[in-house]
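Peer 1: fold the following and give me the result.
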Amino acid sequence: MSACTPTKERERGKGGDIQIIPSRGKARVGAIERERKEGGMREARLGCISSRRACSKISASWPVVASGRVQLHSETYCAEIKMGQHVSRTDFEWSYTAEPHASRRKEILKKHPEIKELFGNDVGLVWWVFALVTFQLISLFLVRELSWFWVLILSYCIGGTINHSLMLAIHEISHNLAFGHSRPMANRILGIYANLPIILPFSVSFKGYHLEHHKYQGDEKLDTDIPTNLEARLFCTTFGKMVWMFFQPLFYALRPIITYPKNPTSLEIINTTVQLTFNFCLFYFLGGKCFTYLAAGSLLAMGIHPVAGHFISEHYMFKKGFETYSYYGPLNYLTFNVGYHNEHHDFPYIPGSRLPMVKKIAPEYYDTLPQHESWVKVIYDFITDPDIGPYARIKRKHAGLDKEE
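Peer 2: So this is what the prediction gives:
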């Protein structure tokens with residue numbers, strides 16, 4: 001992405017450092033952005049584009065460098081998206097310290113023991129699952145009479161959004177937050193039921209992989225939420241990242257099977273059998289439009305879709321050194337508060353409906369952390385920003401590897 005200021009002039013400051021001073025006139029050559037980092041300096045060259053070119057105005061922080069110090073001033077600049085531009089990272093961000101949530105959990109509970117009162121299940125989750133599945137099933141009798149054009153439009157706008165909500169209900173259920181830890185089988189059955197409109201059977205297997213994502217966050221083997229090296233190398237341009245986002249549901253579903261396969265359990269076989277039976281009956285009795293409405297909705301709503309922004313916002317490193325980010329905007333109402341992601345990883349056994357209370361009780365731990373204001377902007381920034389891409393994840397060596405080192 002090349003960028004220009006709405007005209008900037010360069011002046012030499014003391015010590016030969018560059019000061020960037022806004023002025024008026026046509027857009028012309030931008031200055032070299034320099035910022036000091038530990039152990040060295042990094043330079044990013046900002047090109048120039050004509051003011052006559054189509055451009056998008058986006059808010060940015062323009063650095064003013066004086067005597068080795070970087071001060072950030074908000075400016076507006078024009079951005080030209082280059083679809084073939086490569087990402088700047090060539091490897092993941094490797095960490096040799098433990099993930100931050102376990103230690104923060106202990107610290108918060110020591111200071112705010114009343115948070116323990118938020119632990120437990122949320123019966124309301126059960127009723128929401130029944131309501132959302134019922135809505136999807138009833139809507140099929142309307143969808144079968146529509147043209148293919150409207151089937152696809154409604155699949156993206158309505159069916160996909162509801163299916164995504166059901167996916168995040170399954171996320172809650174994987175933590176036994178519907179019926180509690182004393183009734184694990186009831187949680188699994190509810191998850192299989194919530195899985196029906198999604199078409200792809202994943203509810204039972206998701207639980208095992210997801211709990212390891214919590215326990216071993218960033219582990220190069222056990223955390224299958226992290227893209228593979230092959231993904232990061234192949235989808236390393238602006239256009240490539242857009243393609244990767246569109247097909248993200250397939251990568252998300254296939255990655256664990258390829259990189260960390262497990263023997264199927266009896267419950268997984270039941271989940272798959274029930275789902276395939278439902279899919280066959282759906283197609284046989286209600287037709288291809290109804291099947292497409294649900295299947296396409298699941299795929300589209302996990303790709304370039306507003307609610308799918310949480311896949312990127314949760315753990316992709318938008319600020320160096322931070323591996324989990326929260327979002328407190330209105331889309332949390334559709335996603336069981338999955339946006340409260342720092343709070344969720346700190347306290348995975350508190351239902352999503354109560355996570356806002358965690359932030360309210362312990363604001364000193366969350367208000368100062370980097371956070372996202374828009375999932376749509378997260379998707380846009382992920383695709384267009386060369387500093388962000390599949391490599392922008394914090395990884396840790398798998399326990400037991402590289403012992404000789």
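
Peer 1: state the number of residues packed around residue 97.
Peer 2: 9 (other CB atoms under 10 Å). C-beta coordinates here come from the backbone N, C-alpha and C atoms, glycine included.

Peer 1: no wait, residue 156
Peer 2: For residue 156, using other CB under 10 Å, the count is 17.

Peer 1: ok but it is inside a strand, no?
Peer 2: No - under DSSP: H, G, I helix; E, B strand; the rest coil, residue 156 sits outside any strand and is assigned helix.

Peer 1: tell me the spatial nearest neighbour of it, not counting adjacent residues.
Peer 2: Distances taken as CB to CB, 6 or more residues apart in numbering place residue 300 nearest to residue 156, at 4.8 Å, with adjacent residues excluded.

Peer 1: could you do residue 272 as well?
Peer 2: Closest residue to residue 272 apart from its sequence neighbours, by CB to CB, 6+ apart: residue 201 at 4.5 Å.

Peer 1: thinking that neighbour is in contact with residue 194, fair?
Peer 2: No - Residue 201 is beyond contact range of residue 194, at 11.6 Å (criterion: CB atoms under 8 Å).

Peer 1: out of these two, which sits in the more crowded spot?
Peer 2: Comparing residue 201 with residue 194 by neighbour count (other CB under 10 Å), the higher total belongs to residue 194, at 27 against 23.

Peer 1: list the contacts for that one?
Peer 2: 129, 132-133, 166, 169-170, 173, 203 (CB atoms under 8 Å, 6 or more residues apart in numbering).

Peer 1: equivalent analysis for residue 241, please.
Peer 2: Contact partners of residue 241, counting by CB under 8 Å, 6+ apart, are 87, 235, 382-383, 389-390.

Peer 1: change it to 6 Å
Peer 2: 235, 383, 389 (CB atoms under 6 Å, 6 or more residues apart in numbering).

Peer 1: does residue 200 sit in a helix or strand, and which one?
Peer 2: In this structure, residue 200 sits in neither a helix nor a strand according to DSSP states H and E.

Peer 1: next one: it from residue 240, what distance?
Peer 2: 24 Å (CB to CB, to the nearest Å).

Peer 1: likewise for residue 363?
Peer 2: For residue 363 relative to residue 240 (CB to CB), the value is 39 Å.

Peer 1: of those two, which one has the most company?
Peer 2: Shown here are residue 363 and residue 240; by other CB under 10 Å, residue 240 has more neighbours (22 against 10).

Peer 1: which one is that one nearest to, not counting chain neighbours?
Peer 2: Excluding the flanking residues, the one nearest residue 240 by CB to CB, 6+ apart is residue 234, at 6.6 Å.

Peer 1: also residue 309?
Peer 2: residue 375 (2.5 Å).

Peer 1: strands of the stretch 51-200 of the chain, start to end?
Peer 2: For the stretch 51-200 of the chain, applying DSSP state E, counting those that start in this stretch gives strands covering 56-66, 69-80, 93-94.

Peer 1: follow-up on the earlier one: any chance of the contacts of residue 194 in a markdown table, plus pLDDT, neighbour count and distance to residue 278?
Peer 2: Shown next, in a markdown table, are the contacts of residue 194 (pLDDT from 0 to 100; neighbours: other CB atoms under 10 Å; distance: CB to CB, whole Å):
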| residue | pLDDT | neighbour count | distance to residue 278 |
| --- | --- | --- | --- |
| 129 | 98 | 21 | 15 |
| 132 | 98 | 17 | 15 |
| 133 | 98 | 20 | 11 |
| 166 | 98 | 25 | 13 |
| 169 | 98 | 26 | 17 |
| 170 | 98 | 26 | 15 |
| 173 | 98 | 27 | 18 |
| 203 | 97 | 31 | 12 |
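
Peer 1: tabulate the residues you listed in a markdown table, adding columns for distance to residue 256.
Peer 2: Putting the contacts of residue 194 into a markdown table (distance: CB to CB, whole Å) gives the following:
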| residue | distance to residue 256 |
| --- | --- |
| 129 | 24 |
| 132 | 25 |
| 133 | 25 |
| 166 | 20 |
| 169 | 20 |
| 170 | 15 |
| 173 | 18 |
| 203 | 14 |
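
Peer 1: mind picking the two most distant members of those residues?
Peer 2: 132 and 203 (14.0 Å; CB to CB).

Peer 1: below-threshold pLDDT in the protein: ranges please.
Peer 2: Residues of the chain meeting the criterion pLDDT under 70: 1-82, 400-405.

Peer 1: domain-wise, how is it divided?
Peer 2: Taking automatic domain parsing as the domain assignment, the record places the domains of the chain at 2-80, 93-395.

Peer 1: burial of residue 211, as a residue count?
Peer 2: Around residue 211 there are 13 other residues, counting by other CB under 10 Å.

Peer 1: again, but for residue 216
Peer 2: Residue 216 has 16 nearby residues by other CB under 10 Å.

Peer 1: distance check, the nearest residue to it once chain neighbours are set aside against residue 159.
Peer 2: Once flanking residues are discounted, residue 216 sits nearest to residue 222: 4.1 Å by CB to CB, 6+ apart. Distance of residue 222 to residue 159, computed by CB to CB: 33 Å.

Peer 1: more neighbours: those two, which one.
Peer 2: Legend: neighbour count by other CB under 10 Å for residue 222 and residue 159, higher for residue 159 (29 against 19).

Peer 1: which stretches of the stretch 301-405 of the chain form helices?
Peer 2: 309-313, 341-346, 355-361, 363-366, 375-384 (DSSP state H, counting those that start in this stretch).

Peer 1: give the buried residues for the last one.
Peer 2: It refers to helix 375-384. 375-376, 378-384 (16 or more other CB atoms under 10 Å).
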